[in-house]
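# A predicted structure for the sequence below; I have some questions about it.
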Amino acid sequence: MTIADLAQIAGRTYPARRRTQNLVGGASPIQAANFSIGNVTLEPNGGQVPWHNQQQEEVYFIIEGTGEMCLGEERMTLHSGQAVYIPHQVFHQLTNIGDTPLRMLYCYGPAGDVAHWRQELDGTLPKAGVDVPPLPAGARPQCTGKPTEKPKA
């Protein structure tokens, strides 16, 4: 039996102020061909999954917290207990608009890495309204800051 224990998965912290822990796929001991699942924690007041799209279709399920979900030209507030379907190739962004961490699960298929993870770490995310379609009217801005380099010892 293969088990992924969230308490034992360090995950990765991204510049847009979120931590992602792979439960199925990525560095997880559980691997599947048809889907990936992960736990994401967005920091209070602006932690984000930045504006991006991908080949896979996806679902976000909000475990706790409140977020602004942008999907194509739509913008809506999501709360704990809600799930949103994200069709493949549609640009989307989730921003924590609350004073507490937002926790959510993602599930997308087929399995595999998505480009925005590497782009964010490299500081090369496409800019909304410049390189890719604009965010919906009134949306929180996209986090595109390049990560700072750690000083060499």
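Perfect, I can see it now. This one's a predicted model, so the numbers in the text were calculated from it and none came from an experiment. Residues are numbered from 1 along each chain as shown.

# C-alpha only now, for contacts and for neighbours.
Will do.

# what does the model give the most centrally placed residue in the chain for pLDDT?
Nearest to the mean C-alpha position of the chain, by Cα atoms, centre = their mean, lies Val49 at 3.6 Å. In this model, Val49 is scored at 97, pLDDT.

# can you check Pro136 too?
98.

# ok, it touching Gly72?
Yes. Between Pro136 and Gly72 there is a contact under Cα atoms under 8 Å: 7.2 Å.

# For the helix or strand hosting the residue nearest to the centre of the chain, list the C-alpha coordinates in CSV.
Secondary structure from DSSP states H and E places Val49 in strand 48-52. Taking Å, rounded to 0.1, in the frame of the first residue of the first chain, the C-alpha atoms of strand 48-52 are listed here in CSV:
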residue,chain,number,x,y,z
GLN,A,48,-2.1,33.5,-5.0
VAL,A,49,-2.1,30.9,-7.7
PRO,A,50,-1.2,33.4,-10.5
TRP,A,51,-3.1,33.9,-13.8
HIS,A,52,-2.2,30.9,-16.1
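
# what packs against whichever helix or strand comes after it?
Scanning forward in sequence from strand 48-52 by DSSP H and E, the next helix or strand is strand 57-64. Judged by 3 or more Cα pairs under 8 Å, 6 or more residues apart in numbering; DSSP states H and E, the packing partners of strand 57-64 are strand 74-79, strand 83-86, strand 102-109.

# Show me what strand 57-64 is in contact with.
78-89, 101-110 (Cα atoms under 8 Å, 6 or more residues apart in numbering).

# what's the average pLDDT for that strand?
Mean pLDDT, computed over strand 57-64, is 98.

# relative to strand 74-79, how tilted is that strand?
With axes from the mean of the first three to the mean of the last three Cα atoms, to 10 degrees as the basis, strand 57-64 and strand 74-79 are set at 40 degrees to each other.

# Okay, strands next: where are they in the protein?
12-14, 18-24, 36-42, 48-52, 57-64, 66-71, 74-79, 83-86, 92-96, 102-109 (DSSP state E).

# before we move on, the earlier item: nearest to Leu94 among the helices and strands packed on strand 57-64 would be which one?
With distances scored as Cα to Cα, the stretch of the helices and strands packed on strand 57-64 nearest to Leu94 is strand 74-79 (9.1 Å).

# Quick one: neighbours of the closest residue to Gly109 other than its chain neighbours, just the number.
Distance criterion Cα to Cα, 6 or more residues apart in numbering; nearest residue to Gly109, sequence neighbours excluded, is Phe35 at 4.0 Å. By other Cα atoms under 10 Å, 17 other residues sit near Phe35.
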